[in-house]
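**Q** with the input below, show me the fold.
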Amino acid sequence: MKKKVLAGLLTIPLLFSTQTSILAEGKAPIKQDKIVQTENDVFYEILVRSFADSDGDGVGDLRGVAEKLDYIEDLGATAIWLMPITPSPTYHKYDTTDYYSIDPEYGDIEDFQYLVEEADKRGIDVIMDFVVNHTSIEHPWFQQAMDPDSEYRDYYIWADENTDTNEKGPWDQQMWHEAESGDHYLAHFYDTLPSVIPDLNFYNNEVQDEIINAAKHWMDLGVDGFRLDAAPHIYWPGDGVHYDHEANVQWWKKFETELQKVDPDVYLVGEIWQDKEVVASYYEGMESAFNFDLGDAIMESVQTGENHDIAELQEEVLALYNKKREGGATDAVFLNNHDEVRTMTQFEGNEKKAKLAASILMTLSGNPYIYYGEELGMVGDKTSRSNKFGDNPDIYIREPFKWEVEDDEYLTNWMEPIYNTGETAVTVEEQINDPNSMLGHYRDLIEVRKSSKALMNGEIEAVETGNEKVLAYKRVDEEETNLVVHNLSKETVKVSLTLDDMRKVNIVYATDKVKRNHGKKRINLTLPAQSSAILE
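**A** Now for the predicted structure:
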């Protein structure tokens with residue numbers, strides 16, 4: 001992303017009055033006028049349909065997002081990721097009918113430009129979901145491609161006389177589907193998206209050019225980058241079962257090279273749900289990739305109260321990624337996204353666990369991503385239940401965001417929520433002025449992150465604690481070092497750490513009353529249950 005300068009007067013007791021930012025036996029030194037220059041961002045993922053309705057039609061829209069940018073800025077996010085916004089026949093819009101325009105439900109190009117301009121005024125970058133594995137069956141390309149003589153025929157992949165159209169795909173899904181013409185086309189994600197979504201044929205150079213031109217179109221309109229959906233699933237060899245890994249990597253290298261001609265700082269982050277060795281190779285063609293393994297490790301560690309080698313895992317993957325990425329790789333860290341059961345639901349409503357997970361997320365290396373509503377503690381599960389959009393379980397992890405307790409003029413009503421309703425509903429109104437709320441916790445953590453060069457830019461180094469209930473790591477920058485310690489358990493723990501490179505340690509932030517004393521090249525900490533501390 002483009003570099004930002006984050007400057008200001010940091011007065012910890014005022015900014016973080018709800019947390020224990022000072023030690024019981026004495027105050028930690030307060031840094032004044034700290035300036036941080038970084039390429040890292042805190043991202044906020046938005047399903048536009050569910051976020052904010054500006055015109056009262058029940059569907060969230062781009063103007064609604066623009067009118068709520070002050071909330072996003074107040075949260076501390078410095079970038080937003082818009083889930084698909086191009087025209088589509090489905091509610092989720094992961095199957096476009098036009099790569100160049102806005103779905104009328106969300107607005108038009110002028111609304112999009114307004115959003116980008118307003119975001120830019122606040123120093124907020126905008127990236128958008130870019131779905132290139134497939135289109136909708138209603139896309140004009142496909143409608144014409146059903147004609148064997150059409151110039152668009154080779155935009156898609158068609159079965160021939162040697163194709164076994166009953167063959168199953170890599171996750172035992174139906175791959176070949178019959179078109180209105182009677183021919184069979186390839187559609188790998190048919191069973192995971194409730195729509196007919198034919199795969200594009202990237203062996204066709206014209207398809208490559210179309211996709212690159214579409215991306216440049218959005219960059220010309222002010223987009224700072226793209227979230228690349230299903231990044232490993234672009235090329236499929238003739239058997240249709242295995243993907244062509246090398247061809248996929250080469251494609252993204254070409255894609256990035258072409259986009260860098262428009263903006264050398266274009267930011268690309270890939271959805272690559274694969275082993276870390278596979279993910280590493282994609283850093284040749286993108287700056288960042290979502291770290292699914294790390295997200296799982298955070299959730300499992302908080303759930304079980306035992307460290308699942310979180311810091312060691314990030315250290316290991318970054319070493320792999322940096323070998324592939326000239327200039328260094330940026331990890332994309334998150335707890336959950338639009339495809340996964342919400343954090344608060346996984347923790348069965350345990351707010352302390354949810355806050356602990358957020359504390360870990362915001363102190364790791366890379367760009368942290370927040371799925372809309374996670375900062376409020378929204379709940380949601382993948383529930384199969386008949387609704388007007390079919391039997392789609394993902395809808396219930398994408399329910400409407402609530403702004404007010406009553407008379408919520410921005411509330412969307414495109415679906416009937418079953419989780420965030422009644423006593424289980426959380427709202428911005430209830431939390432915005434409550435420093436002890438989930439929202440207050442996220443705001444504090446993001447502000448702490450921004451105040452530290454080490455947290456924003458530093459490398460991560462695992463610290464051995466000798467206690468599986470404690471997670472500790474250092475964030476090391478050229479100018480400063482932070483030690484981050486989390487008690488994952490439900491009970492108070494004591495931990496003694498050897499710190500050869502630290503003469504004196506000051507606590508600059510803690511979520512509870514942490515006690516400490518110094519020994520020779522050691523620091524001894526007493527951490528309350530499920531608490532976190534950042535030391536400098």
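
**Q** what ranges does the stretch 1-150 of the chain have for its strands?
**A** Listed in chain order, the strands of the stretch 1-150 of the chain (DSSP state E, counting those that start in this stretch) span residues 4-8, 34-38, 43-46, 79-82, 125-130.

**Q** mean pLDDT lowest for which of those?
**A** Lowest mean pLDDT within the strands of the stretch 1-150 of the chain: strand 34-38, a mean of 30.

**Q** count of neighbours near residue 303?
**A** 16 (other C-beta atoms under 10 Å). C-beta coordinates here come from the backbone N, C-alpha and C atoms, glycine included.

**Q** low-confidence ranges in the stretch 151-300 of the chain?
**A** Per-residue confidence of the stretch 151-300 of the chain (counting by pLDDT under 70) places the weak regions at 190-195, 237-242.

**Q** please repeat the previous calculation with a cut-off of 80.
**A** Scanning the stretch 151-300 of the chain for pLDDT under 80 picks out 170-171, 190-196, 236-243.

**Q** any stretches of the stretch 401-536 of the chain with poor pLDDT?
**A** Scanning the stretch 401-536 of the chain for pLDDT under 80 picks out 499-505, 518-521.

**Q** please enumerate the helices of it.
**A** For the stretch 401-536 of the chain, the helices defined by DSSP state H, counting those that start in this stretch cover 428-431, 438-450, 453-457.

**Q** can I get those in a markdown table with distance to residue 140 and mean neighbour count?
**A** Putting these into a markdown table (distance: least, C-beta to C-beta, whole Å; neighbours: other C-beta atoms under 10 Å) gives the following:
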| stretch | distance to residue 140 | mean neighbour count |
| --- | --- | --- |
| helix 428-431 | 41 | 18 |
| helix 438-450 | 43 | 23 |
| helix 453-457 | 45 | 22 |
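
**Q** tell me which of the ones you listed sits nearest to residue 231.
**A** Across the helices of the stretch 401-536 of the chain, residue 231 has its closest neighbour in helix 453-457 (25.6 Å, C-beta to C-beta).

**Q** got the CA positions of that closest one in PDB?
**A** Below are the C-alpha coordinates for helix 453-457, written out as PDB (Å, rounded to 0.1, in the frame of the first residue of the first chain):
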ATOM      1  CA  LYS A 453       7.300   1.200  15.200                       C
ATOM      2  CA  ALA A 454       8.100  -2.300  16.400                       C
ATOM      3  CA  LEU A 455       4.400  -3.400  16.300                       C
ATOM      4  CA  MET A 456       3.900  -1.800  12.900                       C
ATOM      5  CA  ASN A 457       7.100  -2.700  11.100                       C
END
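
**Q** which strands and helices sit next to it?
**A** Applying 3 or more C-beta pairs under 8 Å, 6 or more residues apart in numbering; DSSP states H and E, we find helix 453-457 packed against strand 34-38, helix 438-450, strand 470-476, strand 481-487.

**Q** can I get the ones you listed in CSV with distance to residue 311?
**A** Listed next are these as CSV, based on distance: least, C-beta to C-beta, whole Å:
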stretch, distance to residue 311
strand 34-38, 20
helix 438-450, 16
strand 470-476, 4
strand 481-487, 9
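
**Q** now do the same contact list for the residue lying closest to residue 535 once chain neighbours are set aside.
**A** Using C-beta to C-beta, 6 or more residues apart in numbering and skipping the chain neighbours, the partner closest in space to residue 535 is residue 483 (4.3 Å). Applying C-beta atoms under 8 Å, 6 or more residues apart in numbering to residue 483 gives the contacts 463, 472, 473, 474, 497, 499, 502, 505, 523, 534, 535, 536.

**Q** okay, and the beta partners of residue 483?
**A** residue 474, residue 535 (DSSP bridges).

**Q** find the centremost residue of the protein, please.
**A** The residue lying closest to the centre of the chain (C-alpha atoms, centre = their mean) is residue 369, at 3.7 Å.

**Q** report pLDDT for that residue.
**A** 98.

**Q** which helix or strand contains it?
**A** Assigned by DSSP states H and E, residue 369 belongs to strand 367-371.

**Q** now what about that strand, what contacts it?
**A** Applying C-beta under 8 Å, 6+ apart, the contact partners of strand 367-371 are 40-45, 75, 77, 79, 81, 269, 288, 290, 330-338, 342, 361-362, 442, 449.

**Q** cool, thanks, signing off.
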